[in-house]
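1. structure for this input, please:
(one chain, ligands or ions: 2)
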Amino acid sequence: MSGDAIRIEALRKTYAGGKEALKGVDLTVPTGSIFGLLGPNGAGKSTLINILAGLVLKSSGKVSIWGWDQDRNPRQSRASIGVMPQELNLDPFFTPRDALEVQAGLYGVAKRDRRSDEILEMVGLTDKAEAYARTLSGGMRRRLLLGKALVHHPRILVLDEPTAGVDIELRQMLWQNVRRLNRERGMTIILTTHYLEEAEEMCDEIAIINQGSVVARDSTANLLGQIDAKTMVIQPDSMPETLPEAPGITAERREGGLIALSYRATDTTAEDVLELVRNAGIRIQDVRTEQADLEDVFLELTRSRPAA
Ligand code: ADP
Ligand code: MG
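-> Numbering: from 1, shown residues only. Ligands and ions are numbered 1, 2, ... in the order given. Just a heads-up that it's a prediction; the model follows:
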């Protein structure tokens, strides 16, 4: 399928009790991409994902998954997507192999089309295949949840905070698997995370959601390019009494006898900044620059704004 793996239009969710978790979300996810859904806690990420998964009922709006309208073709749209939920909800008395077989049964995967061994191998649980889920570590449970999301060979894989609180080894294993599924099987991947560097490294495109609304959606490179704030940090020979100032350049003291000079790369060059410093009679012992990163974009876009 070309075009969009997911199309969401005017999606709203108000929970019983009145909490408006999604306030009219429009979003498309291109087929074959690794798409990041970012936002602070309580932004509505899991609500959105659980609606895609068919675990939460939307209040209004349109969702289509792999071209299937969720309301008109619920079976096909469900079959097109596999979701690894945020919560570690597993039946404690199932073994990993049972859990995969039961899940495959739920999705109507014929016995001959099941790939339990292959999936166990892929998520590194072959030697735990017959252990009760309650004896599995948190990391192993997470890997089993990834396996469960894959039993019906979905076109789209959704991971809700897959690396929250997991160790580095498991993180790397998860990302390796995700990249492989994307590259070798063309699987479209949607993930939520609040590790920005992870999104920066993994995702082709990113949407930032805050208080139930999408506040930005662009390629990762464009989002990063949106912010051209730069900072030059210098270590002076000795701290001057007054800091140098110029239009477009602001200076402030930093711990450790450093001076941080902030400027916008579009209208000021590093040379301008250095000249300002030299003209102020400051001798530079050391200098480095700081680039804006996704964190800056994120903070700028999710800073509390008046309710719409
Ligand atoms: P995120 O995953 O971005 O942290 P969630 O989608 O879990 O955000 O939550 C969005 C908002 O909806 C939060 O204010 C949360 O408290 C609320 N919420 C989530 N689930 C429920 C629920 N089952 N009932 C009522 N409110 C909920
Ligand atoms: Mg969540």
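2. which non-adjacent residue is nearest Arg143?
-> Spatial nearest neighbour of Arg143, chain neighbours left out: Val123 (4.1 Å); criterion: C-beta to C-beta, 6 or more residues apart in numbering. To be clear about C-beta, it is placed using only N, CA and C from the backbone, and glycine gets the same treatment.
3. contacting residues for the one you found?
-> By C-beta atoms under 8 Å, 6 or more residues apart in numbering, the contact list for Val123 reads 143-144, 146-147, 177.
4. phi first, then psi, for Ile206.
-> phi -140, psi 140 (degrees, to the nearest 10).
5. quick check: bridge partners of the closest residue in space to it that isn't next to it in sequence?
-> Leaving aside its sequence neighbours, Ile206 sits nearest to Gly36 (C-beta to C-beta, 6+ apart; 4.4 Å). Gly36 has these beta-bridge partners by DSSP bridges: Leu191, Ile206.
6. go on, Arg217?
-> Applying DSSP bridges, one finds that Arg217 bridges with Ala207.
7. got a pLDDT number for it?
-> We have a pLDDT of 93 for Arg217.
8. count of neighbours near it?
-> 18 (other C-beta atoms under 10 Å).
9. so what does the lengthiest helix in the chain touch, helix or strand wise?
-> Ranked by residue count and defined by DSSP state H, the top helix of the chain is helix 168-185. Under the contact criterion of 3 or more C-beta pairs under 8 Å, 6 or more residues apart in numbering; DSSP states H and E, helix 168-185 touches strand 34-38, helix 138-150, strand 156-160, strand 188-193, helix 196-202.
10. when you scan the third one, is anything in it near ligand 1?
-> Yep, that's strand 156-160 we're talking about. No: Strand 156-160 is not in contact with ligand 1 by C-beta under 6 Å from any ligand atom; minimum separation 7.2 Å.
11. and if you look at the first one?
-> No: counting by C-beta under 6 Å from any ligand atom, ligand 1 is not contacted by strand 34-38; separation bottoms out at 8.5 Å.
12. how much does that strand deviate in direction from strand 188-193?
-> On the basis of axes from the mean of the first three to the mean of the last three C-alpha atoms, to 10 degrees, strand 34-38 is oriented at 30 degrees to strand 188-193.
13. likewise the third one?
-> Using the same axes, to 10 degrees, the inter-axis angle of strand 156-160 relative to strand 188-193 is 10 degrees.
14. re the thing from before, and the helices and strands packed on helix 168-185 as CSV, adding distance to Leu57 and mean pLDDT?
-> Converted to CSV, these look like this (distance: least, C-beta to C-beta, whole Å; pLDDT from 0 to 100):
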stretch, distance to Leu57, mean pLDDT
strand 34-38, 20, 95
helix 138-150, 20, 92
strand 156-160, 17, 96
strand 188-193, 20, 94
helix 196-202, 28, 83
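15. most tightly packed of those?
-> Ranked by mean neighbour count under mean count of other C-beta atoms under 10 Å, the helices and strands packed on helix 168-185 are led by strand 34-38, which reaches a mean of 26.
16. after it, next one along is what?
-> Note on strand 34-38: by DSSP states H and E, the next helix or strand toward the C-terminus is helix 45-53.
17. re the thing from before, switch the helices and strands packed on helix 168-185 over to TSV; also include distance to Tyr132.
-> Formatted as TSV, those follow (distance: least, C-beta to C-beta, whole Å):
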stretch	distance to Tyr132
strand 34-38	33
helix 138-150	11
strand 156-160	25
strand 188-193	29
helix 196-202	31
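18. for those, give me TSV that also has distance to ligand 2.
-> Converted to TSV, the helices and strands packed on helix 168-185 look like this (distance: least, C-beta to the ion, whole Å):
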stretch	distance to ligand 2
strand 34-38	10
helix 138-150	14
strand 156-160	6
strand 188-193	6
helix 196-202	15
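19. on that earlier part again, out of the contacts of Val123, what pair is the most spread apart?
-> By the measure C-beta to C-beta, Leu144 and Asn177 form the most distant pair in the contacts of Val123, at 13.0 Å.
20. who's in contact with the longest helix of the chain?
-> So helix 168-185 is contacted by 32, 34, 122-124, 139, 142-143, 146, 150, 157, 159, 162-163, 166, 187-189, 191, 198, 202 (C-beta under 8 Å, 6+ apart).
21. now do the contacts for the closest residue to ligand 2 within the chain.
-> The minimum distance from the chain to ligand 2, using C-beta to the ion, falls at Ser46 (3.2 Å). For Ser46, the contact set (C-beta under 8 Å, 6+ apart) comprises 86, 160-161, 192.
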